[in-house]
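Peer 1: Only the shape, not the letters, is given here:
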Ligand SMILES: [Fe+2]
Ligand SMILES: [Fe+2]
């Protein structure tokens with residue numbers, strides 16, 4: 001038998017009417033909201049830094065006619081940007097403010113912005129950044145546990161794609 005007790009319908013209805021100003025955040029929300037928003041903002045910074053790094057690598061690789069790598073870089077840049085959007089959207093749902101201030105991005109990002117002076121260096125730095133993101137997202141997922149299933153699912157979806165990115169960069173690196 002499960003330990004979880006279901007709340008009766010009258011209590012649910014009553015609770016939902018209280019504090020309607022909190023929007024999606026109900027009394028049943030079990031996570032430390034401030035801490036979740038902080039983690040989301042750090043991850044947002046990571047995604048934005050990764051978007052910028054992949055953009056730089058896309059344009060540089062196009063310049064040296066490395067078309068296969070360039071295509072991968074562009075696809076990743078666009079996907080990192082989509083990740084950033086999902087995180088920002090969740091921050092707002094939780095009553096926070098997404099931090100897009102450029103002055104804070106590299107400071108808050110888990111992964112680094114490394115320009116890379118040749119194709120091999122670019123791919124290597126992208127792989128390193130993906131591995132940092134993978135580890136930090138996995139930790140965040142474990143930290144959230146079952147306290148905020150929606151935020152957790154967002155991180156799980158992003159993590160799965162970062163693992164694909166790391167795999168792509170690892171394949172590219174082998175051919176260089
Ligand atoms: Fe990402
Ligand atoms: Fe990625």
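Peer 2: Alright, I've got the coordinates. Treat the numbers as computed from the prediction; the structure is a model and nothing was measured. Ligands and ions are numbered 1, 2, ... in the order given.
Peer 1: so the residue nearest the centre of the chain is in which element?
Peer 2: Nearest to the centroid of the C-alpha atoms of the chain, with distances taken as CA atoms, centre = their mean, sits residue 43, at 4.8 Å. Assigned by DSSP states H and E, residue 43 belongs to helix 33-63.
Peer 1: For this protein, name the helix or strand with the lowest mean pLDDT.
Peer 2: In the chain, no helix or strand scores lower on mean pLDDT, DSSP states H and E than helix 9-17, which sits at a mean of 82.
Peer 1: give the contact list for whichever residue of the chain sits closest to ligand 2.
Peer 2: Residue nearest to ligand 2 within the chain (CB to the ion): residue 165, separated by 3.5 Å. Every residue, glycine included, has its C-beta placed from N, CA and C. Taking CB atoms under 8 Å, 6 or more residues apart in numbering, we find residue 165 in contact with 76, 79, 126, 130.
Peer 1: Let's have the residues you listed in a markdown table, adding distance to ligand 1, secondary structure and pLDDT.
Peer 2: Output for the contacts of residue 165, formatted as a markdown table (distance: CB to the ion, whole Å; DSSP: H, G, I helix; E, B strand; the rest coil; pLDDT from 0 to 100):
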| residue | distance to ligand 1 | secondary structure | pLDDT |
| --- | --- | --- | --- |
| 76 | 8 | helix | 98 |
| 79 | 6 | helix | 98 |
| 126 | 11 | helix | 96 |
| 130 | 8 | helix | 96 |
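Peer 1: got a markdown table for these, with neighbour count too?
Peer 2: Below are the contacts of residue 165 laid out as a markdown table (neighbours: other CB atoms under 10 Å):
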| residue | neighbour count |
| --- | --- |
| 76 | 26 |
| 79 | 19 |
| 126 | 28 |
| 130 | 24 |
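Peer 1: Determine which two of those are furthest apart.
Peer 2: 79 and 126 (12.4 Å; CB to CB).
Peer 1: Please tell me how far the residue of the chain closest to ligand 2 sits from ligand 1.
Peer 2: Per CB to the ion, to the nearest Å, residue 165 is found 7 Å from ligand 1.
Peer 1: Please identify the helix or strand for that residue.
Peer 2: Residue 165 belongs to helix 149-174 when elements are defined using DSSP H and E.
Peer 1: do the same with residue 129
Peer 2: helix 119-144.
Peer 1: Mind giving me the packing neighbours of that helix?
Peer 2: helix 33-63, helix 67-93, helix 149-174 (3 or more CB pairs under 8 Å, 6 or more residues apart in numbering; DSSP states H and E).
Peer 1: Need the residues that contact stretch 142-151.
Peer 2: For stretch 142-151, the external contacting residues (CB under 8 Å, 6+ apart) are 29, 30, 31, 36, 39, 40, 90, 93, 94, 152, 155.
Peer 1: thought the fourth one was touching residue 94?
Peer 2: Yes: contact criterion CB atoms under 8 Å: residue 36 and residue 94 qualify, at 6.3 Å.
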